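Trainee: have a look; sequence and predicted model below, questions after that.
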Amino acid sequence: MRHLPLAIACLALNATFALAEIAVPMVYLEQEIEHPPTLSNLDTRPSDLGQAGAMLALKDNLTTGTFMGHKYQMETIKVPIGGDLVGAAEEALATSSFVILNAPAADVLRIADLDSAQPALLFNTSSSDMALRDDACRSNVLHTLPSDLMRSDALMQFARAKRWDKLALIAGTHNTDIAFAEALKKSAAKFGMSMSAEKTWAFDADMRRNAAQEVPLFTQELGKHDLLLIADEIGDFGRYIAYNTWLPRPVAGSEGLVPVAWAPVVEQWGAAQLQSRFNDLAQRSMRPQDYAAWAAVRTIGEAVTRTGSNDPEVLRAYILSENFELAGFKGRPLSYRDWNGQLRQPIPLVTDRALAAQAPMEGYLHQRNELDTLGLDAPESSCTAFD
């Protein structure tokens, strides 16, 4: 009899959750693209890149949702190269107001501008394009992947702390290389460092055999510098630069010390547990795009749990409010910038085998949030869609 009050309370609680039962359908929409060839075939691109992170987050949402009476579902739509992406987006939006996008920046904008997408909540998990967070921002798009400038700011904070003030840069010719190179130059200027020399990598020789001969000559022309920056976002030539340079200098950027959203070497703050669960699910290590997709789906789950609603307008308002926090296994709670929809997050600076540091670095203060020292701050942003 002494357990009767507890049993009655449990029944009442279950009845409350039963009344609060809501459905949360989501769609993972991917535009398949043709990736440029690289000199090495060592790095294979997983067929489930991004999708695996979303699936792990779905499992996480269901763990809480089952208890709360929230029914999460996720459909995956992959559009082949040359396929009808807009038609697929219309199909997705007909069934869900929550769409996780794995698509180039131009396609993100095409989808965001659809009439059917205006009341929806879209998550960009694959494009680091600066314009999406700046003058081309859309009020219905949130960004969980760090921008190029967030990553380059993180690296420049570290370089400044090491007093590596004189920089040299080698950039590739692909669009993503050029964009990251521009971000690196902008960040260097922001933190008061000089770019002493720049060169474009345009070799078509097989560096697997010629690196020891070609790279010293190529880098000799860079002159004196403290740190050599590499903008090689497709992983083409950067691996052949380190230990072959004319001057013995540290290498960073796309190679060497790399600023990333996530890496297998991130193990603190409970990250090892997330890494283990992802490995069990996907049979591989979690990559930045996986983490971005995970964060997007978990954002939806956290917002639904806190508001008890599946209304995208209600969830968007809560996600952009000061009350929203996402436990992201990076040592501090993550939140969204209410001026451009970017997820605030620390940026790990990693090598292949270790976490060297995590930005923002100590001493970089901000009147609102130290994470806003990374990337476009409100006064710098040209985004007006969130006003």
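Mentor: Perfect, thanks for sending it. Numbers count the residues shown, from 1 in each chain.
Trainee: just the strands from this protein, written as ranges.
Mentor: 22-31, 70-79, 98-102, 121-124, 141-143, 166-171, 194-200, 227-231, 251-253, 258-259, 335-336, 343-344, 347-350, 355-359 (DSSP state E).
Trainee: may I see the ones you listed organised as a markdown table, with distance to V86 added?
Mentor: (Glycine included, C-beta is placed from N, CA and C.) Listed next are the strands of the chain as a markdown table, based on distance: least, C-beta to C-beta, whole Å:
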| stretch | distance to V86 |
| --- | --- |
| strand 22-31 | 10 |
| strand 70-79 | 9 |
| strand 98-102 | 13 |
| strand 121-124 | 14 |
| strand 141-143 | 16 |
| strand 166-171 | 33 |
| strand 194-200 | 35 |
| strand 227-231 | 32 |
| strand 251-253 | 35 |
| strand 258-259 | 34 |
| strand 335-336 | 27 |
| strand 343-344 | 26 |
| strand 347-350 | 33 |
| strand 355-359 | 38 |
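Trainee: so which of those is nearest L217?
Mentor: Relative to L217, the nearest member of the strands of the chain by C-beta to C-beta is strand 194-200, separated by 11.5 Å.
Trainee: what's that closest one in contact with?
Mentor: Strand 194-200 has contacts (C-beta atoms under 8 Å, 6 or more residues apart in numbering) with 165-173, 181, 185, 188, 218, 221-225.
Trainee: for ChimeraX, what selects the buried ones among the residues you listed?
Mentor: ChimeraX command restricting the contacts of strand 194-200 to the buried ones, with burial defined by 16 or more other C-beta atoms under 10 Å:
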select :165,166,167,168,169,170,171,172,181,185,188,218,222,225
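Trainee: in the protein, what spans have low per-residue confidence?
Mentor: 1-20, 38-42, 204-211 (pLDDT under 70).
Trainee: ok and the longest helix anywhere in the chain relative to strand 22-31, angle-wise?
Mentor: Identified as the longest helix of the chain according to DSSP state H is helix 288-307. Here helix 288-307 runs at an angle of 160 degrees relative to strand 22-31 (axes from the mean of the first three to the mean of the last three C-alpha atoms, to 10 degrees).
Trainee: and A168, what does it touch?
Mentor: Contacts of A168 by C-beta under 8 Å, 6+ apart are 195-199, 219, 222-223, 225, 227-229, 249.
Trainee: which PyMOL command selects the buried ones in these?
Mentor: Selection of buried members from the contacts of A168 for PyMOL, criterion 16+ other C-beta under 10 Å:
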select buried, resi 195+197+198+219+222+225+227+228+229+249
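Trainee: TSV for the contacts of A168, including distance to P333?
Mentor: Below are the contacts of A168 laid out as TSV (distance: C-beta to C-beta, whole Å):
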residue	distance to P333
M195	35
S196	39
A197	41
E198	38
K199	41
T219	42
L222	41
G223	44
H225	38
L227	31
L228	35
L229	31
R249	37
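Trainee: looking at the contacts of A168, which is nearest F123?
Mentor: Comparing the contacts of A168 against F123 with C-beta to C-beta places L229 closest, at 29.9 Å.
Trainee: from what I can see that closest one touches E182, true?
Mentor: No - applying C-beta atoms under 8 Å, one finds L229 not in contact with E182, separated by 11.9 Å.
Trainee: circling back: I'd like to know which elements the longest helix of the chain is packed against.
Mentor: Here helix 288-307 touches strand 22-31, helix 51-68, strand 70-79, strand 98-102, strand 121-124, helix 271-282, helix 312-319, going by 3 or more C-beta pairs under 8 Å, 6 or more residues apart in numbering; DSSP states H and E.
Trainee: quick check: angle from it to helix 271-282?
Mentor: Counting by the same axes, to 10 degrees, helix 288-307 lies at 110 degrees to helix 271-282.
Trainee: who's in contact with L355?
Mentor: Counting by C-beta under 8 Å, 6+ apart, L355 has contacts A263, V265, V266, E267, Q268, P348, L349.
Trainee: nearest residue to it in space, please, no chain neighbours.
Mentor: V265 (5.0 Å; C-beta to C-beta, 6 or more residues apart in numbering).
Trainee: give me the phi and psi angles of that neighbour.
Mentor: phi -80, psi 0 (degrees, to the nearest 10).
Trainee: residue contacts, it?
Mentor: So V265 contacts P348, V350, T351, D352, R353, A354, L355 (C-beta under 8 Å, 6+ apart).
Trainee: cool, and A359?
Mentor: A359 makes contacts with D153, A154, L155, Q157, F158, P259, P346, I347, L349, L374, as judged by C-beta under 8 Å, 6+ apart.
Trainee: hmm, which two among those are most spread apart?
Mentor: L155 and P346 (13.2 Å).
Trainee: quick one: contacts for L56?
Mentor: When contacts are counted by C-beta under 8 Å, 6+ apart, L56 touches R277, F278, L281, A282, D290, W294.
Trainee: now do it against A295, distance only.
Mentor: In this view, L56 and A295 are 11 Å apart by C-beta to C-beta, to the nearest Å.
Trainee: what do you get for Q273?
Mentor: 16 Å.
Trainee: more neighbours, these two?
Mentor: Neighbours were counted for Q273 and for A295 using other C-beta atoms under 10 Å; A295 has more, 27 against 11.
Trainee: on that earlier part again, tabulate the helices and strands packed on helix 288-307 in a markdown table, adding columns for distance to I241.
Mentor: As requested, the helices and strands packed on helix 288-307 are arranged in a markdown table below (distance: least, C-beta to C-beta, whole Å):
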| stretch | distance to I241 |
| --- | --- |
| strand 22-31 | 32 |
| helix 51-68 | 30 |
| strand 70-79 | 35 |
| strand 98-102 | 30 |
| strand 121-124 | 30 |
| helix 271-282 | 28 |
| helix 312-319 | 41 |
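Trainee: identify whichever of those lies nearest to G363.
Mentor: helix 271-282 (24.0 Å).
Trainee: that closest one vs helix 51-68, what angle?
Mentor: 100 degrees.
Trainee: pull out the buried positions in helix 271-282.
Mentor: A271, L274, Q275, F278, L281, A282.
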